[in-house]
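Chemist: Predicted model and sequence follow; I will ask about them next.
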Amino acid sequence: MKHLLCLVLLLSATEGSSQTVQVPPVERHTLDNGLTLMLMRYDRVPVVHLRIMVKGGSADDPAGKTGLASMAAALMKEGTMSRSAAEIAEEIDFTGGSLTSGAGLDYCAVTLEVLSKDLDGGIDLFADVIRHPSFPAGELERERNQRVAGLEGMKENPSAVASRVFTRTVYGDHPYGRQTDGTSASLGEITTEDLSRFHRSVFVPGNALLVAVGDFDPVQLKASLNRAFGGWEPGEGPRTKMMVPVMLTGARVLLVDKPDATQTQIRIGNIGVPMNDPERFPIIVANTVFGSGFTSRLIEELRVNRSLTYGASSSFSSARAGGSFVISTFTRTESTAEMLSAALEQLALYRAGGPTPEEVEKAKNYIAGGFARGLQTPGALASRLTDGELYGFPADYLQNYITEVQGVTLDQLRAVIQKRFHYDNRLIVLVMPASARPDMLETFGSVSVIDLDAAIE
Amino acid sequence: MIRKNGNGRKRLLPTLAAVMLASTAHVSQAQSVKPEEFTLPNGLKVVMVEDHTVPSICFSIAFRVGSRHEKAGITGISHLFEHMMFNGSARYAPTVFDSVLEAGGGYSNAYTSNDITFYYEEFNPPLLETVLSMESDRMRALKIDAENLEQERGIVKEERRVSTDNSVPGAMFEELYASAFVAHPYQNPVVGWMGDLDNIRVEDAKEYFRVYYAPNNAVVFVVGDFSPSFLTEKMAEYFSEIPPQEIPRPVANSEPDQRGERRIILRREARLPAVAIGYKTPSVSSPDLVPLMLLSSILSRGQSSRLYKRLVYDLQIVTGIETNVDEYVDPGLFTVYAQMQTGASPDAVEREVYAMIDSIAAHGVSERELQKARNGEQVATVNSFKTNAGIASRMGHYEVVWGGYVRGFEMTGLVEAVTMADIQRVARDYLVPDRRTVVTLVPAQEENR
């Protein structure tokens, strides 16, 4: 049986490596006011997806007003100079389409997706929300109350608590450690003037990329976008440079006390890398072998061999100046110590031995297949295009992605595993009842315990 | 996102899961999808959709079985069994299935619900024949032994802890269905009761496999970059020799009419109160189901919907509200779920929800509201045609639950035919106190416990 497995794997590896990807061509234009447009025709479904991305996001929130970028972005669609929140909602809902706006660490984005037949009205609404939000005081108040209640509700979601506490702690004082959705205190400090000021500073044509992907007539769409955005007053946007986050040193365990939990949520990790790190592709491959997909080392050991969990994964998060590296899993409370030992053992083994050539082949093909399938929807294609701009990837990065992945060598992998899969320096976050704390917890790092309210503040 | 009653999955994959569960209707888009079908002598039906947009194939199998077919004492076996399907068969050792797929640029997944168990994998085209070999091998000779069962039992219990025991909406919906149904198996959670998960034995799993995983109880859907003539030939080669089984006895629907509101208190650790309401509705075979789907859309789809506008914007007493109609083989529920804003009482929310329903029952909805709901269903349909996996799962859902994948292509007509009078009538007939079950979450503070 083992023999058969090897044969099949070898065969499939060859098959997989032939993966190619057909990315529809992109037309790029710059309007007189500096706004960059990218248009990609893709007509599998009669839908058009518009996405505008501006640089500047939650990491730029002023101290004491965390949550500002996220609030401002969200409230852009809750009122403009000529439309109330209710009118905006009615207009988009009537088409059956979607209008979203939000902030990431390094950017804000507004998206609109409608059937092609509804595109003209859609562009009008999209431009209005981007150019003329009015930030009504009543909507700010409502959104603030919603978010404060949302933070309260988050305390019943152990997975969200674990991720939030991990991010906040691993970055220390770095702006990436700030809570992008704010705290009940910081949300209380945000005024409508703050919202307008933030919007004015980042939503300017010279700081924006507008992407359209879908089933449209390019000549007509260009004319419509010109009409809707040509009169947008020029501006360059902020030129802030984010520091590179500093690695957390030593081994720390932070236990968040959730007395009623019957399962422990676990995060283990440290600082990761900037999105455009030169070793980006070796890291993607190395992480896939270790903790992505369904045959990763973490899944094999923690789920298949030991039945300790339903899910286990590792990831390098995306951020311009430096994301994080985190192993995420959960297990019943009584198995917490066994799980920690097992997960750390896998990390140590991976660092010591690196991946096998078979694992690497499999991971490369898995990444290539997923990448190609991930380009099936207009929304996904639009995100990929704005990501390229945000993170400074080459213009042809989508076409070359699979080649880059296939070109990663074993030596490169061994090097990035040593450098980036931190073991001795690590933060462990546990959300569990403090009363069930394992006896040997100190062996995993110096332990501190906080209660649930402190975790969300 | 609210986790509805059921739908344990092999693994966490929220995006695809959302596609899977999306309530659906049909639009012109489907005209470009041209399914071809044939049935092997052993009763295995195969539906093919050739589409060369991306160099990838989605191969899926829908089995006509779910938690609806389970008996007391072994609830959760459908879902537990779904897990066991990935752990090896006569010619393929455990973990080979996924290794081969991933090495071929693919992945696999599956979901179990009340009425259907659906398996699917996506992979690069050259792997097709290997996939047929592996799929036919597990349909013919799945490895079912104590070791395999014990391994998945532990994993599924963790899944239950994460999705239900440690989740407020998960616990609320479990309570709602357990209280609303007194005879029908819809009272049981798809993931199973924790005690039953410990009670399932190897013999139960073997019998389950023999009865429900027969070729004549399954339908295969293949979508993507392949040649139909090649697939037709190879399906016969790999699947023809799997023997059919006697068709399982139909599940009896012995649920008596509900005669009066049922009110349930769920006391557990929580920061904010919540309320879940369920009304008994008809099955997919009723012409009233599509009007109920549109009514749900009018009540809660988007920020301009009736309940969202009233409770989130105007009164600001909930942080979110969702409604849904079960698309089930037997009568299910029309559900409403809301989490309170700090300081708001569930009573006030209930009053508002009932007033809104009564107003629709008394005065109906506007033509524009109805058209908006129709448009929403249309776009949901277009969205389900964006990916190969979306098309396959849509066809699987309609085939097993609605009685034919073609039904999925007829939804546009059904949605367009719904009138304002239909909406008013279904609100009046179904969303009434006597058909209602209400679960209220009362936060139990630590010191009181």
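Modeler: Alright, I've got the coordinates.
Chemist: Tell me the secondary structure at whichever residue of the stretch 51-200 of chain B sits closest to chain A.
Modeler: Proximity of the stretch 51-200 of chain B to chain A (CB to the nearest CB) peaks at residue B:105, 2.5 Å away. Where you see a C-beta, it was placed from the backbone N, CA and C, and this is true even at glycine. What DSSP: H, G, I helix; E, B strand; the rest coil gives for residue B:105 is coil.
Chemist: Quick check: closest non-adjacent residue to it.
Modeler: Leaving aside its sequence neighbours, residue B:105 sits nearest to residue A:369 (CB to CB, 6 or more residues apart in numbering or on different chains; 2.5 Å).
Chemist: Same question for residue A:425.
Modeler: Residue A:425 sits nearest to residue A:249 (CB to CB, 6+ apart), 5.0 Å away.
Chemist: picking up where we left off before, so the residue nearest to residue B:105 sits against residue B:108, correct?
Modeler: No - counting by CB atoms under 8 Å, residue A:369 does not reach residue B:108; the two are 11.9 Å apart.
Chemist: Now do the contacts for the residue nearest to residue B:105.
Modeler: Residues near residue A:369 by CB atoms under 8 Å, 6 or more residues apart in numbering or on different chains: A:16, A:19, B:56, B:104-107, B:122-124.
Chemist: What about those, which one has the most neighbours?
Modeler: Counting by other CB atoms under 10 Å in any protein chain shown, residue B:105 has the largest number of neighbours within the contacts of residue A:369, with 33 neighbours.
Chemist: distance of the residue of the stretch 51-200 of chain B closest to chain A from residue A:372?
Modeler: Applying CB to CB, to the nearest Å, the value for residue B:105 to residue A:372 is 7 Å.
Chemist: which residues of the stretch 301-450 of chain A fall in helices?
Modeler: A:336-353, A:357-373, A:378-391, A:397-406, A:410-420 (DSSP state H, counting those that start in this stretch).
Chemist: Show me what the shortest one is packed against.
Modeler: Read it as helix A:397-406. Here helix A:397-406 touches helix A:280-291, helix A:357-373, helix A:378-391, going by 3 or more CB pairs under 8 Å, 6 or more residues apart in numbering or on different chains; DSSP states H and E.
Chemist: Do me a favour and average the pLDDT over the helix or strand harbouring residue B:179.
Modeler: In this assignment (DSSP states H and E), residue B:179 forms part of helix B:168-180. Average pLDDT, helix B:168-180: 96.
Chemist: The lowest-mean-pLDDT helix or strand in chain A: what's the following helix or strand?
Modeler: Least confident helix or strand of chain A, by mean pLDDT, DSSP states H and E, is helix A:2-16 with a mean of 36. Moving toward the C-terminus from helix A:2-16, the next helix or strand (DSSP H and E) is strand A:26-30.
Chemist: Tell me the buried residues in that next one?
Modeler: Judged by neighbour count using 16 or more other CB atoms under 10 Å in any protein chain shown, the buried positions of strand A:26-30 are residue A:26.
Chemist: What of stretch A:424-439?
Modeler: A:426-432, A:437-438.
Chemist: picking up where we left off before, is the helix holding residue B:179 in proximity to chain A?
Modeler: Yes - with CB under 8 Å from any CB of the partner chain as the measure, helix B:168-180 is seen reaching chain A through residue B:168.
Chemist: Can you check the pLDDT for residue B:218?
Modeler: 98.
Chemist: tally of neighbours for it?
Modeler: Other residues close to residue B:218 by other CB under 10 Å number 23.
Chemist: cool, residue B:263 as well?
Modeler: Neighbours of residue B:263 (other CB under 10 Å): 11.
Chemist: Give the helix, strand or coil label for it.
Modeler: strand.
Chemist: isn't it right next to residue B:440, touching?
Modeler: Yes - using CB under 8 Å, residue B:263 is in contact with residue B:440, at 7.4 Å.
Chemist: okay, how far is it across stretch A:41-57, tip to tip?
Modeler: The first and final residues of stretch A:41-57 sit 29 Å from each other (CA to CA, to the nearest Å).
Chemist: Please save the CA atoms from stretch A:171-180 in CSV.
Modeler: Below are the C-alpha coordinates for stretch A:171-180, written out as CSV (Å, rounded to 0.1, in the frame of the first residue of the first chain):
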residue,chain,number,x,y,z
TYR,A,171,3.4,43.7,18.1
GLY,A,172,4.1,45.4,21.5
ASP,A,173,4.1,49.2,20.9
HIS,A,174,4.1,49.0,17.1
PRO,A,175,1.0,50.5,15.5
TYR,A,176,0.1,47.1,14.0
GLY,A,177,-0.7,46.0,17.6
ARG,A,178,-3.5,48.6,17.9
GLN,A,179,-7.0,47.3,17.8
THR,A,180,-8.2,48.1,14.3
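Chemist: Name the surrounding residues that touch it.
Modeler: A:57-61, A:66-67, A:69-70, A:103-105, A:164, A:167-170, A:186, A:242-243, A:245-246, A:248, A:271, A:319, A:321-322, A:324.
Chemist: List the buried residues for that stretch?
Modeler: A:171, A:174-180.
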